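Asks: sequence and predicted structure below; questions after.
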Amino acid sequence: MADIPSDTTHDLLIVGAGPVGLALALALKDAGLDIVLADARPREAVSSDPRDLALAHGSRLTLQGLGVWDALAATAIEHIHVSQQGGLGRTLIDAAEHGLPALGYVVSAGELAAALRAAVDAAGIPVLDETEVLNLAPGSDDIIASLATPGRPAATLRARLAACAEGGLRTDDPDVAERNYHQHALIAQLAVAGGHRGTAFERFTREGPLALLPKGEGYALVHVARPDTADALLALDDEAYLTRLQAHIGNRVQLSGVGKRLRYPLLLRYRESAVGARTVWLGNAAQTLHPVAGQGFNLALRDVWALADTLLRHCDASARATPPPSPRDPGTPAVLAAYARSRSLDRLGTIRFTDTLVRVFSNDFGPLRHARGATLFALDVFPPLRNFIARRMMFGARAWP
């Protein structure tokens, strides 16, 4: 654990040393900024995260730029099969149609965090493990963080800018919008007979989407259902649960085994603005999305890259100014406003995109079911529309042209 540096004002405090916070630190490692990270968890807790992440092609490019991609055991998604249970219509999105080796990839969240942490350590950026940021008090020139570390006296840390990338939003946070989907997600690892052949499945059922994501030799499962149904599904033994899953997915694949099942509730929560006084929020601290279409972490990485780009431009402009400002300040209202403008379209567009998918596809209203089938059929026979959706998922809302 690094010592708490309290005798200076740092340029950037990153709250949270998970994949989002670590990615931001790594993106700025050559910016000449004095950066420090703080995370309430022990170091090993982040690398033991059991979840899997669906990374879009654009996220692969970002992780390549950060120099960590080659350290990951990623499974390619070459095809995405989208359909609805109990209704006509389906579409197939193929990487070859877009001249890409894959539409996306599936990686372990813990493995990604470990690779990013190793790169941050190699860059010499200090990380304060087991250090909780209890409060952030912004002023005109800096922001003061109150820190608590087990076995150490309380301390404070000053920074020009705080980037909060740890933890989810709370209902009582100011300027937070919320929608309770009344759904839970079950996650597990699945074995499959005959292999997955690089094909992911997104199957919409009356209770919510069911996703099979290629992972290693099998699948990573995300199974969305009502809370009471989730209770019943968790109570089933493995054989009975596999039978239920097979009925949902049909004969497209033959499931042969299931690992430990975990669950978590699904909510939409997001800050109306992801910037405040000398503060910017990223990842789940800025927005918590439904897992449909796998957009949450991909949006967070785009936010990280844009914030790093904004700060790098500011640092470059400050270095070329005559006379140069003293001190260089990445937390000014002008810098944060520039970042917010650059992210407004993609951030709000992605939030609305995922929210609309959930609301339109998670019900069994007859006319709407037929409309969904017609939409899937249109995607299948009209390549420009399919290309639009594919690019939207791979690169975000700014990839429309």
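Replies: Good, I have the coordinates.
Asks: for the rest of this, base every contact and every neighbour count on C-alpha atoms.
Replies: OK.
Asks: so which bits of the host helix or strand of residue 234 are buried?
Replies: Secondary structure assignment for residue 234, by DSSP states H and E: helix 227-235. By neighbour count on 16 or more other CA atoms under 10 Å, the buried set for helix 227-235 is 227, 230, 233.
Asks: contacts for the helix or strand following that helix?
Replies: Heading C-terminal from helix 227-235, the first helix or strand you meet, by DSSP H and E, is helix 238-249. Residues outside helix 238-249 that contact it (CA atoms under 8 Å, 6 or more residues apart in numbering): 85, 203, 205, 233, 254, 255, 256, 257, 258.
Asks: out of these, flag the one nearest to residue 311.
Replies: residue 203 (40.6 Å; CA to CA).
Asks: got a list of what that closest one touches?
Replies: Residue 203 touches 82, 83, 84, 85, 209, 210, 211, 248, 249, counting by CA under 8 Å, 6+ apart.
Asks: where's it relative to residue 78, distance?
Replies: From residue 203 across to residue 78, the span is 17 Å (CA to CA, to the nearest Å).
Asks: just the ones in strands from the contacts of helix 238-249, please.
Replies: 203, 205, 254, 255, 256, 257, 258 (DSSP state E).
Asks: quick one: buried residues of stretch 146-164?
Replies: Buried residues in stretch 146-164 (16+ other CA under 10 Å): 146-149, 156-164.
Asks: pull up the distance across it, start to finish.
Replies: 14 Å.
Asks: so what touches that stretch?
Replies: 4-6, 8-16, 21, 130-136, 141-145, 278-282, 285, 329-331.
Asks: can you lay out the buried residues of helix 227-235 as TSV showing distance to residue 182?
Replies: Converted to TSV, these look like this (distance: CA to CA, whole Å):
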residue	distance to residue 182
227	7
230	11
233	16
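Asks: list just the nearest of those residues to residue 272.
Replies: For the buried residues of helix 227-235, the nearest to residue 272 is residue 227 (27.8 Å; CA to CA).
Asks: isn't that closest one up against residue 183?
Replies: Yes. Shown here, residue 227 and residue 183 form a contact pair, counting by CA atoms under 8 Å, at 5.7 Å.
Asks: so what does the helix holding residue 234 touch, helix or strand wise?
Replies: Under the contact definition 3 or more CA pairs under 8 Å, 6 or more residues apart in numbering; DSSP states H and E, helix 227-235 sits against strand 176-193.
Asks: same thing but at 6 Å, please
Replies: With contacts defined as 3 or more CA pairs under 6 Å, 6 or more residues apart in numbering; DSSP states H and E, helix 227-235 has no packing partner among the helices and strands.
Asks: for it, give the mean pLDDT please.
Replies: Averaged across helix 227-235, pLDDT comes to 96.
Asks: likewise for stretch 349-367?
Replies: Stretch 349-367 comes out at a mean pLDDT of 76.
Asks: ok, which stretches of the protein are helices?
Replies: 19-27, 43-47, 57-65, 109-122, 227-235, 238-249, 296-320, 333-361, 366-381, 383-395 (DSSP state H).
Asks: what's the angle from the fourth one to helix 57-65?
Replies: So the one you mean is helix 109-122. 30 degrees (axes from the mean of the first three to the mean of the last three CA atoms, to 10 degrees).
Asks: if we can go back for a sec, any of the contacts of helix 238-249 buried? List them.
Replies: By 16+ other CA under 10 Å, these give 85, 203, 205, 233, 254, 255, 258 as buried.
Asks: quick check, nearest of these to residue 109?
Replies: For residue 109, the nearest member of those is residue 258. The distance, counting by CA to CA, is 19.4 Å.
Asks: could you count how many residues lie near the nearest residue to that closest one once chain neighbours are set aside?
Replies: Leaving out its chain neighbours, the residue that sits closest to residue 258 by CA to CA, 6 or more residues apart in numbering is residue 190, at 4.5 Å. By other CA atoms under 10 Å, the residues close to residue 190 number 21.
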